[in-house]
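Engineer: Everything below, folded, please.
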Amino acid sequence: MEVKYNPYDNVLEIMDRAARMLELSENDYVTLKYPERELKVSIPVEMDDGSTRVFEGYRIQHSSSRGPCKGGIRYHQDVDVDEVKALAVWMSLKCAVVNIPYGGAKGAVKVNPKELSKNELKSLTRRYTAMILPLIGPEKDIPAPDVNTNAEIMGWIMDTYSMFKGYSVPGVVTGKPIEIGGSLGRREATGRGVMFMTHEILHRLGLPILGTKIAVQGMGNVGGIAARLLQESGCRILAVSDVSGGIFKKDGLDIKPILKFLAEGNGKLIKDYEAAGILHITNEEVLTADVDVLIPAALENQVNSQIAGRIKAGIIVEGANGPTTVNADRILEAAGKRIVPDILANAGGVVVSYFEWIQNIQFLTWDDEEVNKALEKIIIRAFNEVWDKAKENNTSMRMGAYMVALDRIVKAKKIRGIFP
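Structural biologist: Now for the predicted structure:
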């Protein structure tokens with residue numbers, strides 16, 4: 001029986017294994033086991049009915065050794081401090097593995113945003129921004145969208161920060177609307193990166209893209225875009241899901257109409273979608289579908305030890321952060337599954353966030369082609385470095401990615417030293 005999942009323990013255990021493979025002493029990386037800063041805030045919000053509710057929020061900075069901290073903000077009713085700490089560590093590792101000059105951070109508010117009106121959500125966001133104001137800034141810590149946050153919310157954060165400063169500061173966040181300094185290609189970047197990674201692992205294993213059968217758990221911004229781009233490239237998407245359940249079609253789903261249906265709003269979910277030849281299945285059945293590639297692109301802890309032994313896909317590309325537990329990872333590795341780990345597979349978002357930040361601080365704008373070409377170059381380079389490191393050490397791609405990232409962070413810390 002699997003012990004209660006703690007994502008922070010999960011990431012530290014993998015980090016320890018990578019450190020041993022790099023022959024690092026405890027002293028070399030002990031600082032990375034502790035976030036640099038942890039801020040917990042209370043967020044009072046005047047609700048539409050005149051009552052006041054107080055929400056709990058966090059901003060955690062894990063490491064600034066390689067540059068300003070970078071990480072999204074999620075709104076979710078089940079979020080806790082260990083989850084945010086783990087996400088901050090993953091961001092440090094993610095930025096290091098793709099070799100962009102950022103450290104890692106993460107923010108969250110414990111709230112179900114679907115229960116709030118737009119006015120309440122805006123008030124919550126502006127007050128949360130004011131509460132974390134001492135930590136954030138384009139030279140210090142740059143937030144971005146995450147689960148249940150979007151470009152509009154980033155716009156509210158940017159405006160709130162700018163009002164305190166007395167002038168417009170677009171570089172304080174990334175993932176904001178194009179009209180106020182957002183980057184072309186940012187919304188699609190994480191899903192596009194997942195597509196690049198899927199293509200690359202298929203290529204490395206000598207498998208064709210055309211006709212490859214894929215299942216995608218999670219049809220949000222990451223999974224939905226990845227599914228669409230992969231279908232457009234010739235893959236067959238057999239199964240997809242969201243929080244309400246999944247759908248399956250043996251000849252392949254048509255992704256564009258599904259995304260259009262979900263985008264219509266009014267609470268529409270996968271369980272409500274109907275089309276010829278579609279079967280409604282559970283999320284578990286999506287994860288264990290008879291496909292070539294599985295893309296878990298929902299939340300953490302989806303592939304656990306109860307699920308791992310029943311996964312049929314030979315390749316897993318982790319679109320979500322931390323979807324696979326340590327115990328499940330061991331089961332999958334023993335079964336010969338190839339896993340493209342989260343800190344590599346879903347790094348496309350932070351890469352294009354980096355591009356957006358560059359554009360903001362240099363007062364530039366790049367076109368779609370420039371963004372996507374630069375993204376592909378960085379993503380493929382990172383894949384190759386991880387692949388080579390894993391092969392060199394006869395280990396998994398997860399350990400290869402952790403080794404590449406940890407080595408870069410530790411070297412930066414050693415060069416800078418410990419103050420005072």
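Engineer: Can you give me every residue that contacts the closest residue in space to Leu202 that isn't next to it in sequence?
Structural biologist: Once flanking residues are discounted, Leu202 sits nearest to Ile209: 5.7 Å by C-beta to C-beta, 6 or more residues apart in numbering. Quick note: C-beta positions are derived from backbone N, CA and C, even for glycine. Applying C-beta atoms under 8 Å, 6 or more residues apart in numbering, we find Ile209 in contact with 199, 202-203, 233-235.
Engineer: Can you classify Ile209 by secondary structure?
Structural biologist: The assignment at Ile209 comes out as coil when based on DSSP: H, G, I helix; E, B strand; the rest coil.
Engineer: Just the closest of the contacts of Ile209 to Glu369, please.
Structural biologist: Minimum distance to Glu369 across those is 17.4 Å, recorded for Ser233 (C-beta to C-beta).
Engineer: now Leu229, nearest residue through space, not along the chain?
Structural biologist: Spatially, and ignoring its direct neighbours in sequence, Leu229 is nearest to Met195 (4.2 Å; C-beta to C-beta, 6+ apart).
Engineer: List the contacts of the one you found.
Structural biologist: Met195 makes contacts with 226, 229-230, 233, as judged by C-beta under 8 Å, 6+ apart.
Engineer: If we use 10 Å, what do you get?
Structural biologist: Residues in contact with Met195 (C-beta atoms under 10 Å, 6 or more residues apart in numbering) are 188, 209, 225-233, 235, 295, 317, 319, 348, 376, 379.
Engineer: Now intersect those residues with the strands, please.
Structural biologist: Taking DSSP state E as the definition of strands, these contribute 295, 317.
Engineer: roughly how far apart are Ala298 and Ile378?
Structural biologist: Ala298 sits at a distance of 25 Å from Ile378 (criterion: C-beta to C-beta, to the nearest Å).
Engineer: Of these two, which one has the most company?
Structural biologist: Set side by side, Ala298 and Ile378 show more neighbours around Ala298, with 24 against 20, by other C-beta atoms under 10 Å.
Engineer: gap between the closest residue to the more buried one other than its chain neighbours and Thr129?
Structural biologist: Nearest non-adjacent residue to Ala298, counting by C-beta to C-beta, 6+ apart: Gly218, 3.5 Å away. Gly218 sits 27 Å away from Thr129, taking C-beta to C-beta as the criterion.
Engineer: now, among the contacts of Ile209, which is nearest to Ile258?
Structural biologist: Of all these, the one with the least separation from Ile258 (C-beta to C-beta) is Cys235, at 14.9 Å.
Engineer: show me the contacts for the closest one.
Structural biologist: Neighbours of Cys235 in contact, by C-beta under 10 Å, 6+ apart: 195, 198-199, 202, 208-214, 226-227, 229, 252, 291-293.
Engineer: Give me the longest helix you can find in this protein.
Structural biologist: Looking across the chain with DSSP state H, the single longest helix is helix 368-392.
Engineer: buried sites along it?
Structural biologist: 371-372, 374-376, 378-379, 382-383, 385-387, 389-390 (16 or more other C-beta atoms under 10 Å).
Engineer: in stretch 320-337, what's buried?
Structural biologist: By 16+ other C-beta under 10 Å, the buried positions in stretch 320-337 come out as 320-329, 331-333, 337.
Engineer: which intervals of the stretch 151-300 of the chain have sub-threshold pLDDT?
Structural biologist: Applying pLDDT under 70 to the stretch 151-300 of the chain flags no residue at all.
Engineer: ranges for the helices of it?
Structural biologist: Assigned by DSSP state H, counting those that start in this stretch, the helices in the stretch 151-300 of the chain fall at 151-165, 186-204, 221-232, 255-263, 283-287.
Engineer: can you put the ones you listed in a markdown table and add distance to Leu269?
Structural biologist: A markdown table is the format used below for those (distance: least, C-beta to C-beta, whole Å):
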| stretch | distance to Leu269 |
| --- | --- |
| helix 151-165 | 21 |
| helix 186-204 | 19 |
| helix 221-232 | 13 |
| helix 255-263 | 7 |
| helix 283-287 | 12 |
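Engineer: The ones you listed: which one's closest to Asp16?
Structural biologist: Proximity to Asp16 (C-beta to C-beta) singles out helix 186-204 among these, at 25.4 Å.
Engineer: Export the buried residues of helix 368-392 to a markdown table and append columns for pLDDT and distance to Pro420.
Structural biologist: Output for those, formatted as a markdown table (pLDDT from 0 to 100; distance: C-beta to C-beta, whole Å):
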| residue | pLDDT | distance to Pro420 |
| --- | --- | --- |
| Val371 | 97 | 41 |
| Asn372 | 96 | 45 |
| Ala374 | 97 | 39 |
| Leu375 | 97 | 40 |
| Glu376 | 97 | 43 |
| Ile378 | 98 | 36 |
| Ile379 | 97 | 39 |
| Ala382 | 98 | 35 |
| Phe383 | 98 | 40 |
| Glu385 | 98 | 35 |
| Val386 | 98 | 36 |
| Trp387 | 98 | 41 |
| Lys389 | 97 | 35 |
| Ala390 | 97 | 39 |
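Engineer: Pipe these into TSV and attach distance to Asp407 per row.
Structural biologist: Formatted as TSV, these follow (distance: C-beta to C-beta, whole Å):
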residue	distance to Asp407
Val371	28
Asn372	29
Ala374	24
Leu375	23
Glu376	24
Ile378	18
Ile379	19
Ala382	13
Phe383	17
Glu385	10
Val386	12
Trp387	16
Lys389	9
Ala390	13
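Engineer: So for stretch 134-149, first residue to last residue, what's the gap.
Structural biologist: End-to-end distance of stretch 134-149 (C-alpha to C-alpha, to the nearest Å): 21 Å.
Engineer: for that stretch, which positions count as buried?
Structural biologist: Within stretch 134-149, the residues scored as buried using 16+ other C-beta under 10 Å are 135-136, 138, 141-149.
Engineer: repeat for stretch 80-91
Structural biologist: So for stretch 80-91, counting by 16+ other C-beta under 10 Å, buried means 81, 83-91.
Engineer: Quick check on the contacts of Ile209: which are buried?
Structural biologist: Using 16+ other C-beta under 10 Å, the buried ones in the contacts of Ile209 are 199, 202, 235.
Engineer: per the record, what domains does the protein have?
Structural biologist: With domains defined by automatic domain parsing, the chain comprises 35-170, 188-340.
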